[in-house]
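Visitor: Build me a model from this:
(chains A, B, C and D)
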There are 2 protein chains.
Amino acid sequence: MPKLGMEPIRKAALVKATIAEIGQAGTLDVTVSQIARRAGMSTALAHHYFGGKEQIFLAAMRHVLSIFGAEVRGALAVSEGPKARAEAIIRASFTAGNFRHDVISAWLNFYVLALTSPEAARLLRVYQRRLDSNLRHELRQLAPDAVDELTEGIAALIDGVYLRHALGSDGPTPARAVAPVLRFFRLALQERGL
Amino acid sequence: MPKLGMEPIRKAALVKATIAEIGQAGTLDVTVSQIARRAGMSTALAHHYFGGKEQIFLAAMRHVLSIFGAEVRGALAVSEGPKARAEAIIRASFTAGNFRHDVISAWLNFYVLALTSPEAARLLRVYQRRLDSNLRHELRQLAPDAVDELTEGIAALIDGVYLRHALGSDGPTPARAVAPVLRFFRLALQERGL
DNA sequence: TTTTGTTGATTGACGAGTCAATTAACTTCA
DNA sequence: TGAAGTTAATTGACTCGTCAATCAACAAAA
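Guide: Prediction:
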């Protein structure tokens, strides 16, 4: 049975299983053995590859973050002009994928983890900064004198709307979620005659 | 030691200890015995009064929520006119108390818990609805045709800004946090010539 | 003496991490 | 080519710790 080159395959399977398991449990309170079982291997092997539970979680979070980053880059690649590009960034935060139950679970638990795990806090800051600087780059070209305000407002709105929809009683509705953010953005531009 | 009428005192002590303990741990992963010890009693007694761990947490959350509700009512009581009252509601979400480390911790963990505990989800919805209807009541008098948009935007902005400041690298700064929300509010009014 | 308050001790379950041992695939060199 | 040696993959069984919950029993008040 032992084939060579299994490491990346197994690691990927564990990451995927971790996200699924956290999604199903709604908590970080999932056992290594649950994760390992879902990924089709023994607990010992999970430990062998990742070293410990927290490192499994962090790998899973890095994965979610990297997908998100790719989506943003993808959206930017096909958008021209600062206004369209800013809107693309906003939209990327509200794709259907980001509203999958397990992804929501991962995000919320990630926030909590960031309260205590320095490594998680670092990762989170990377995400925040990237969103910030992406937005800022476009907004500077639209309203140089109000970049800070606008960036702060839009970034916060994104997080807030996401949170409300993720936790809302009526399930997540990606399409409806973007609306308020875009409205704010356009209102702000309009006010400046753009 | 056994004095009568201990129940409310013990319960209050446990609630307070729970919040403190969650704050220190940053997680809901605190043991009943840690809580009980901090509250100055045995684990058995904690179980005796609350029945179980989850019920202790929920009591703690109800407490945080009720304090928050009281603050909003207090702020409303001294504000006249829809504009001032709306601003009062906004400001109430950003009092120093809400940015205490342990309260932040409680909130984030509460969000996570709401993903799986129906009772927690119910409580959360109570909070969300109250904020919504409070805002809506004032906004209707300012801009009847845009109540929905405005309420949604402001509520989301409150949550988002709170989240960002709670998790931001530079510690929470209540004063700076309100600014973007008030800015948005005033901008929206101004746009409507109010 | 019944009710309320209180605890130490115990139980039963579960979980993270470790280890020794097994298997298969690759490598080397006689 | 094929025997001997090396390394990656993999696991079952085990350790050690922890924790929620229960219980039997004691103390004080009413």
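Visitor: Number of residues surrounding residue A:82?
Guide: Applying the criterion other Cβ atoms under 10 Å in any protein chain shown, we find 16 residues in the vicinity of residue A:82. For the C-beta atoms, the positions are set from N, CA and C on the backbone; glycine is no exception.
Visitor: repeat for the one 5 residues further on
Guide: Neighbouring residues of residue A:87 were enumerated by other Cβ under 10 Å; the total is 19.
Visitor: and residue A:104, what is it in contact with?
Guide: A:23, A:98, A:166, A:172, B:115 (Cβ atoms under 8 Å, 6 or more residues apart in numbering or on different chains).
Visitor: Checking the residue of chain A found nearest chain B next. Helix, strand or coil?
Guide: With Cβ to the nearest Cβ as the measure, the residue in chain A that lies nearest chain B is residue A:160; the distance is 2.4 Å. Of the three states, residue A:160 takes helix according to DSSP: H, G, I helix; E, B strand; the rest coil.
Visitor: isn't it right up against residue B:163?
Guide: Yes - counting by Cβ atoms under 8 Å, residue A:160 does reach residue B:163; the two are 6.8 Å apart.
Visitor: Please identify which of the two sits among more neighbours.
Guide: Regarding residue A:160 and residue B:163, a neighbour count based on other Cβ under 10 Å identifies residue A:160 as having more, with 26 against 20.
Visitor: give the contact list for the more buried one.
Guide: The contact partners of residue A:160, taken as Cβ under 8 Å, 6+ apart, are B:155-163.
Visitor: distance of it from residue A:154?
Guide: For residue A:160, the distance to residue A:154 (Cβ to Cβ, to the nearest Å) stands at 11 Å.
Visitor: Over to residue A:115?
Guide: Noted for residue A:115: a distance of 25 Å to residue A:154, by Cβ to Cβ.
Visitor: Residue A:4 now?
Guide: If you go by Cβ to Cβ, the gap between residue A:4 and residue A:154 works out to 48 Å.
Visitor: neighbour-wise, which of these two wins?
Guide: Neighbours around residue A:4 and residue A:154, counted as other Cβ under 10 Å, are more numerous at residue A:154. The numbers are 26 against 5.
Visitor: Quick check: next helix or strand after whichever strand or helix holds that one?
Guide: Take DSSP states H and E as the rule and residue A:154 turns out to sit in helix A:147-167. Next helix or strand after helix A:147-167 toward the C-terminus (DSSP H and E): helix A:174-191.
Visitor: Between its first and last residues, how far does stretch A:17-32 reach?
Guide: Using Cα to Cα, to the nearest Å, one end of stretch A:17-32 lies 10 Å from the other.
Visitor: Is there contact, residue-wise, from that stretch to chain B?
Guide: Yes - figure legend: stretch A:17-32 in contact with chain B (Cβ under 8 Å from any Cβ of the partner chain); contacting residues A:25-27, A:29.
Visitor: Can you name the residues that contact residue A:30?
Guide: With contact set as Cβ under 8 Å, 6+ apart, residue A:30 has these partners: A:18, A:21-22.
Visitor: quick one: it and residue A:42, what's the gap?
Guide: As it turns out, when the distance is counted by Cβ to Cβ, residue A:30 lies 16 Å from residue A:42.
Visitor: cool, and residue A:115?
Guide: With distances taken as Cβ to Cβ, residue A:115 is found 32 Å from residue A:42.
Visitor: Restricted to buried residues, select the contacts of residue A:160 in ChimeraX.
Guide: This is the ChimeraX syntax for the buried subset of the contacts of residue A:160, where burial follows 16 or more other Cβ atoms under 10 Å in any protein chain shown:
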select /B:155,156,157,158,159,160,161,162,163
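Visitor: nearest to residue A:150, of the contacts of residue A:160?
Guide: Residue A:150 lies nearest to residue B:157 out of the contacts of residue A:160, by Cβ to Cβ, at 13.0 Å.
Visitor: what comes up buried for stretch A:184-194?
Guide: Judged by neighbour count (16+ other Cβ under 10 Å), stretch A:184-194 contains these buried residues: A:184-185, A:187-189.
Visitor: How about stretch A:11-19?
Guide: Residues of stretch A:11-19 classed as buried: A:11, A:13-19 (neighbour count, 16+ other Cβ under 10 Å).
Visitor: swap in stretch A:39-51?
Guide: Buried residues in stretch A:39-51, counting neighbours by 16+ other Cβ under 10 Å, are found at A:39, A:41, A:46, A:49-50.
Visitor: Can you report the mean pLDDT over the residues of that stretch?
Guide: pLDDT averaged over stretch A:39-51 equals 93, rounded to a whole number.
Visitor: Equivalent analysis for stretch A:106-121, please.
Guide: When pLDDT is averaged over stretch A:106-121, the result is 92.
Visitor: Does it reach chain B?
Guide: Yes - in terms of Cβ under 8 Å from any Cβ, part of stretch A:106-121 sits within range of chain B, namely A:108-109, A:111-112, A:114-116, A:121.
Visitor: what does chain A put close to chain B?
Guide: Applying Cβ under 8 Å from any Cβ, we find that chain A lies next to chain B at A:25-27, A:29, A:104-105, A:108-109, A:111-112, A:114-116, A:121, A:124-125, A:128, A:149, A:152-153, A:155-164, A:167-169, A:180, A:183-184, A:187-188, A:190-191.
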